[in-house]
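> give the three-dimensional model of this entry:
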Amino acid sequence: MKKSIASRSIQLLGLAAKVGREELAQSVKEKLSKGIDEIASGRLKTRIEQAKMIAENLSQLKGAAMKAGQLLSLDASDYFPPEAIEILSKLQGKADPVEWSILLEVLKAELGEEKLSEFESLSTTAAASASIGQVHRGVLRGQAVAVKIQYPGIADSIDSDLRILRSMAQSFVSMTGRRMDLAELFEELKVVLLQEADYDLERSNMRAFGELISTIPDFIVPKPIDSHSSRRVLTMTWENGINITDWIRSGPKRDDREKIARMILDLYCKEFFEWGFVQTDPNYANFLIQEDPATRAPKLVLLDFGAALRYPPEFRQSYVSLLRSLASLDRQKIVRSFTEFGLIDERESEEAKENFVDLLQLSLEPFHPSRQPFRFRDDDYAKRSREVGQRFTQSLKYSPPPRKILFLHRKLGGIFQLLKKMDVQIDVMPYWNRMVGADIKA
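You can find the predicted model right below:
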């Protein structure tokens, strides 16, 4: 695991070279071949081999390479060949923990022996692990704490990892015949990954989020412990709770499920439309359910603020204007508004633009009065959304996943999927009214 920047780059460059050799070999075979079916079969085999190589290497490297691979397989799946996505999707699984001896060196370097000795206990077994760091449980001055430790070399390798990954991703897009420039997409990935690797920033985000949410009942945010934190180590209070996925599996009452669902929707409206400060990572592991000991009512624990993004007032006001144009049902006005905002390239075909409007209008359906209360586990709606979404993406030639709303809509999609998993029925019209009626002030 403990790789230098140079060794990581060599491994990724070796992977890129191997992918290139596979492409060259296939190109030569195609020139020598006369059968179209044989060419198609050869391309399929080459793509599968390429995807396997990428998945195997990213899972070994962790860090930005693995994280970006996960994001691409989830959020840009329709832009890449299906064979690549099928194998890249394996990166979504749980990351294997790193050996304690490696992380102990990080702790010593960041905190020093004296502060490290102040922990009464510190588990050598990871409580959670991910692509950038892992969490260990401990006790500090009699208080249960979570200690998040970053893997060595992660922050320093982000630039080189993403540069090489972008080159490979661009080649995959080209295979589909599209002429998309992924530069802005990868620039946004870089911004967020650099944030996630800065635990000082996450500590500041956690404190700011905790203060904003302190007046709202039944939300809990861990408190950072400054004295035992640094840029690569984040110590915070340990918050008990059950992972929201396990809570759903336990069969909670409908009232409790609907309460948590409304809390999540209320929180999103506050995050974007009131605060302009959104925790954009929809990972289910970032939500814990804690029971009130007196009433047994559920509370929601929020974790991980590395990907919290700030959206300025002018951007949020423009976004509200987009929603209002969508509500007008004027197809030409919708296309014009969303093109000016930069969500679809004006060079796209009329078919692509029509598919875009179809997708946007379908996204309004849950808010229609006739659909209240909306059942999030509506298989027919999910099927139609998937079909229209794929039709739209497949008709695109110039428009990559939009940088401006990439992580914001990733959060929205995650909320929808979580509420679907909870199988709740809620009147969502009040939330739509809050969104289109928002008066954003500087």
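> neighbours of residue 351, how many?
If you count neighbours by other Cβ atoms under 10 Å, residue 351 ends up with 11. All C-beta spots, glycine's among them, are computed from the backbone N, C-alpha and C.
> residues contacting it?
By Cβ atoms under 8 Å, 6 or more residues apart in numbering, the residues touching residue 351 are residue 395.
> and it, what are its phi and psi?
The phi/psi pair for residue 351 (degrees, to the nearest 10) reads phi -60, psi -40.
> all strands of the protein, in order?
Applying DSSP state E to the chain gives strands spanning 119-129, 133-140, 143-150, 219-220, 233-237, 242-243, 277-279, 287-291, 298-302, 308-310, 374-375, 425-426.
> count the neighbours of residue 280 for me.
22.
> that one is in contact with residue 409, isn't it?
No - using Cβ atoms under 8 Å, residue 280 makes no contact with residue 409, being 9.3 Å away.
> of all the strands of the chain, which lies closest to residue 188?
Ranking these by proximity to residue 188 (Cβ to Cβ) places strand 308-310 first, at 9.6 Å.
> so what are the sheet partners of the closest one and their directions?
Counting by DSSP bridges, the strands paired with strand 308-310 are strand 277-279 (antiparallel).
> list the buried residues of the partner strand.
Of the residues in strand 277-279, 277-279 count as buried by neighbour count, 16 or more other Cβ atoms under 10 Å.
> kindly report the same for stretch 137-144.
For stretch 137-144, the neighbour count (16+ other Cβ under 10 Å) marks 137-138, 140 as buried.
> distance to residue 78 and pLDDT added to those, as TSV?
Output for the buried residues of stretch 137-144, formatted as TSV (distance: Cβ to Cβ, whole Å; pLDDT from 0 to 100):
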residue	distance to residue 78	pLDDT
137	39	98
138	43	98
140	46	98
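> wait, which of the residues you listed is closest to residue 131?
Using Cβ to Cβ, these come closest to residue 131 at residue 137, 20.1 Å.
> measure that closest one to residue 404 for me?
38 Å (Cβ to Cβ, to the nearest Å).
> next: residue 340.
12 Å.
> wait, isn't residue 208 in contact with residue 277?
Yes - contact criterion Cβ under 8 Å: residue 208 and residue 277 qualify, at 7.0 Å.
> what is the burial count for residue 274?
There are 14 residues near residue 274, going by other Cβ under 10 Å.
> got the phi/psi numbers for the closest residue to it other than its chain neighbours?
In space, and not counting its chain neighbours, residue 274 is closest to residue 438: 7.8 Å by Cβ to Cβ, 6 or more residues apart in numbering. For residue 438, the backbone dihedrals (degrees, to the nearest 10) come out as phi -60, psi 130.
> who's in contact with residue 438?
By Cβ under 8 Å, 6+ apart, the neighbours of residue 438 are 273-274, 316, 320.
> and if we set it to 10 Å?
269, 272-274, 316-317, 319-320, 323 (Cβ atoms under 10 Å, 6 or more residues apart in numbering).
> which of these tops the neighbour count?
Highest neighbour count within the contacts of residue 438, by other Cβ under 10 Å: residue 272, with 24 neighbours.
> tell me the spacing between it and residue 426.
19 Å.
> quickly list the domain ranges of this protein.
5-96+153-196, 310-436 (automatic domain parsing).
> comparing these by mean pLDDT, which bottoms out?
Mean pLDDT is lowest for domain 5-96+153-196 out of these, coming in at a mean of 64.
> now residue 439: phi and psi?
According to degrees, to the nearest 10, residue 439 has phi -110, psi 90.
> thinking it is in contact with residue 320, fair?
Yes - look at residue 439 against residue 320 with Cβ atoms under 10 Å: they come within range, at 8.5 Å.
> which residues are common contacts for the two?
residue 273.
> coming back round to it: reformat the buried residues of strand 277-279 as CSV; add distance to residue 394.
As requested, the buried residues of strand 277-279 are exported to CSV (distance: Cβ to Cβ, whole Å):
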residue, distance to residue 394
277, 35
278, 29
279, 32
